[in-house]
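Just to be clear, the model below is a prediction. Sequence and coordinates:
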Amino acid sequence: MAPLDPPPGIASNLFNTGAERLALLGKYHKQLMQGYLDGYVDETAFSEGALKKLIAARILWRPDEQQPLALRPLVSELIASMVADENRRQINADVAEKLEQIRNRVQAYRDAQYKGDYAVAELQLQRLTEHVHDLSGQFEEAIDSLWHRLNSDFGFVSSLDDKIRENERAQKQLRRLLDGLDLLDFTELIELSEGNNHLRKLLVSQLQSQLSSHHSSLLEVQKRLVELLAKFRQQQSRSLLISNMVAFLRQHPKYQPADYPNRSELPDLFNQASAIRPQAAIALDKASERQILAELVRALPRQVAVALSDTPSASFSELLQDEEIAARQLALKTDVENFYLRVIDRGGSLSALEYLTEQQLPWDSEIWLYQILAEYQALPVAEKQMFQLQREESPASAVNSLYLIRDISIGLQAA
Amino acid sequence: MLQHGPLLERLLAGDFICRITDEDAYRHLSLEQTQQDINHYLRPLNRRLVSNDDQSVYFLGYYELSKEAREQLSQQFAQTVQSLLPLLEWLQLVQETLGRDSALTAGDTIKLQEFVLRTEDNQSLRQRLNTLASDRFFNSQSEQLDSQVKLIFRRLKEHGYLLQPHADRQYYIVTGKIDYLIDVIRFIRDEEHLPVEDTPQQEALL
């Protein structure tokens, strides 16, 4: 039955006592929090008077003569909920009691209205609103706690076994919450609120929408809890498999499993083909890619010629050096090089003597041809193959088969 | 097929493809159409796509088991069997050293430095690591803890069990090949009826 609301004098007394006792919580917050963590309070941390006050305020109690003082369960619960300490947080899944209170309040409200006592009716409505919020808040708190545990992967306990136990506990709580939700019968609530707008709003539209969102939250949490439990169990079985297999292999060092690869039905797990590494090389057959290739070649790091220091060697005779001859020889070499460059430019074959006259070079034709041959012979083999050398020659005479070279033409070898 | 070029190349090279090593490729491989395309392409190379039971990792197997293929597989299998104990011991060692409550799974990160630090001051872990490092599979010649650990992790990386996202940073991610290893063990256990349990004893019943 709904308790009678106290007259104003008692209410102000209630206010004073409540405020005083709440202040006690603040005054001894450090010692009390330590008590929460230790499970009992250190009595030496308080004065005699303070202990009395705290016991009178139902903050501390002595569960047993032999036991030290401890926080009352309700206070511990309050702290656990404030700091979201999932080890200690309680979930209250009791819906029946709340429903009973709501029914009684509705009745008291209607009675007061019937009597025309509007002040009391107002107060009853106020209390009723509180109960409805309580009911919804109870689910909200529980759902918050469940999510919190889920999102931390039950990190507040350290071992996997504990996590599995915690998960199972959470699932039981969840089932109780869902059972509690089933107790709510909306046809009854609709009947209760019949003909009253305030009640309808409070009990039907507001509560219903809140509870249905709680319901879907709970189902989501349940799904996640089941998934997580499966994951925990998988991890557990994996750890066990590993440690037991290690133990087995240590005990049987010569253990050899059956020859799976040579079974007629090869298990897929052991069908692991050998690697094939695709190789590729530069393709020269695509003209369009020549440009790219040329750039690649140019980008290759050049080999830096190792500069060998000249080692002076003893010589018996001074090397005869005629600067003029050296200069002429260099000039001849340059001209021959230019000739080769012209051959490369033109692409076709070019006669050496024609070039000589065309360029009006001062060289004797025999020396000229000689130098061109010498340059040709001095080329590296690979480059030599790039040029095609054609000798224009004829026998020296009808009886002498000595061939005399009349001219040389050089052309680029077709690629 | 062109879009799967790099993936094919990795598969052909013997890589295991999982969500960790190459997420995009793994997603592609999970599609039936792609699997068919790839199998069709690989047919002349006598290869086909293979995966473990729960399809968390893909690799290539032989399409037809010729004599040569069998020989290669036998060799491969012998190596796998030989590597079982060191790999499992490593898994156990990492789990204990890092104080984890469960065995390593694909996606877990291991910081090399943390592992070294925790092993350093613990004589029994140090001893176990020493034994493990000198196992034929890892084959470390060093006495130095640091280089032993580095070698072990490098070998595991080479074998595809670990992935090192940054070459110059010493942290590793466990790949899906670990799942493959566990599957292999489970298979052998089931097939040979080894007395190796993986379900917890029901204490409540005792």
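Yep, it's here. Owing to the predicted nature of the structure, the values given are computational and were not obtained by experimental measurement.

C-alpha from now on. contacts and neighbour counts both.
Will do.

Outline the domain layout of chain B.
B:2-62, B:79-192 (automatic domain parsing).

Among the ones you listed, which comes closest to residue A:49?
domain B:79-192 (47.3 Å; C-alpha to C-alpha).

how about TSV for the domains of chain B, with mean neighbour count added?
What follows is the domains of chain B, written out as TSV (neighbours: other C-alpha atoms under 10 Å in any protein chain shown):
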stretch	mean neighbour count
domain B:2-62	17
domain B:79-192	17
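
looking at the ones you listed, which is closest to residue A:126?
domain B:79-192 (50.7 Å).

first vs last residue of the closest one, how far apart are they?
From its first residue to its last, domain B:79-192 covers 19 Å (C-alpha to C-alpha, to the nearest Å).

next one: stretch A:253-266
Across stretch A:253-266, the terminal residues are separated by 26 Å (C-alpha to C-alpha).

Buried ones in it, by neighbour count?
Within stretch A:253-266, the residues that qualify as buried are A:260, A:261, A:262, counting by 16 or more other C-alpha atoms under 10 Å in any protein chain shown.

again with stretch A:153-172
Buried-residue list, stretch A:153-172, by 16+ other C-alpha under 10 Å: A:154, A:160, A:161, A:163, A:164, A:166, A:167, A:170, A:171.

Where does the prediction get shaky in chain B?
Where chain B drops to pLDDT under 70, the residues are B:1-2, B:201-206.

Do you have the helices of it handy? List them.
For chain B, the helices defined by DSSP state H cover B:5-12, B:23-29, B:32-42, B:67-97, B:112-120, B:123-133, B:145-158, B:177-192.

among those helices, which is nearest residue A:62?
Proximity to residue A:62 (C-alpha to C-alpha) singles out helix B:67-97 among the helices of chain B, at 42.1 Å.

got the domains of chain B as JSON lines, with distance to residue A:124 columns?
Output for the domains of chain B, formatted as JSON lines (distance: least, C-alpha to C-alpha, whole Å):
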{"stretch": "domain B:2-62", "distance to residue A:124": "61"}
{"stretch": "domain B:79-192", "distance to residue A:124": "54"}
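
What's the separation between the residue of the stretch 301-415 of chain A found nearest chain B and residue A:295?
At 25.6 Å from chain B, residue A:301 is the closest residue in the stretch 301-415 of chain A, using C-alpha to the nearest C-alpha. Separation of residue A:301 from residue A:295 (C-alpha to C-alpha): 12 Å.

More neighbours: which of those two?
Per other C-alpha atoms under 10 Å in any protein chain shown, whichever of residue A:301 and residue A:295 has more neighbours is residue A:295, with 10 against 7.

Neighbours of the closest residue to residue A:71 other than its chain neighbours, how many?
Closest residue in space to residue A:71, ignoring its immediate chain neighbours: residue A:60 at 4.5 Å, by C-alpha to C-alpha, 6 or more residues apart in numbering or on different chains. When neighbours are defined as other C-alpha under 10 Å, residue A:60 has 22 of them.

now do residue B:77
Neighbourhood size, residue B:77 [other C-alpha under 10 Å]: 19.

Show the end-to-end separation of stretch B:38-46, please.
End-to-end distance for stretch B:38-46, by C-alpha to C-alpha: 12 Å.

ok now that stretch, how far from the chain's centre?
Counting by C-alpha atoms, centre = their mean, to the nearest Å, stretch B:38-46 is centred 25 Å from the centre of its parent chain.

now stretch B:102-117
Stretch B:102-117 has its C-alpha centroid displaced from the chain centroid by 14 Å (C-alpha atoms, centre = their mean).

now swap in stretch A:393-406 and tell me
86 Å.

could I get the domains of chain B as a markdown table with distance to chain A?
What follows is the domains of chain B, written out as a markdown table (distance: least, C-alpha to the nearest C-alpha, whole Å):
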| stretch | distance to chain A |
| --- | --- |
| domain B:2-62 | 4 |
| domain B:79-192 | 5 |
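
Tell me which residues are up against stretch B:38-56.
Under the contact criterion C-alpha atoms under 8 Å, 6 or more residues apart in numbering or on different chains, stretch B:38-56 has outside partners A:268-269, A:271, A:273, B:1, B:8, B:18-19, B:30, B:35, B:57-64, B:176, B:179-180, B:183.

from those residues, which ones fall inside strands?
Assigned to strands by DSSP state E, the following of the contacts of stretch B:38-56 qualify: B:18, B:57, B:58, B:59, B:60, B:61, B:62.

Show me what from chain A comes close to chain B.
For chain A, the residues in contact with chain B (C-alpha under 8 Å from any C-alpha of the partner chain) are A:158-160, A:235-246, A:248-250, A:256-259, A:261-262, A:268-278.

Run through the residues that contact the spatially closest residue to residue B:73 that is not a sequence neighbour.
Leaving aside its chain neighbours, residue B:73 sits nearest to residue A:261 (5.7 Å; criterion: C-alpha to C-alpha, 6+ apart). Counting by C-alpha under 8 Å, 6+ apart, residue A:261 makes contact with A:267, A:270, A:271, B:70, B:73, B:74, B:77.

Residue A:200 now?
Neighbouring residues of residue A:200 by C-alpha under 8 Å, 6+ apart: A:190, A:193, A:194.
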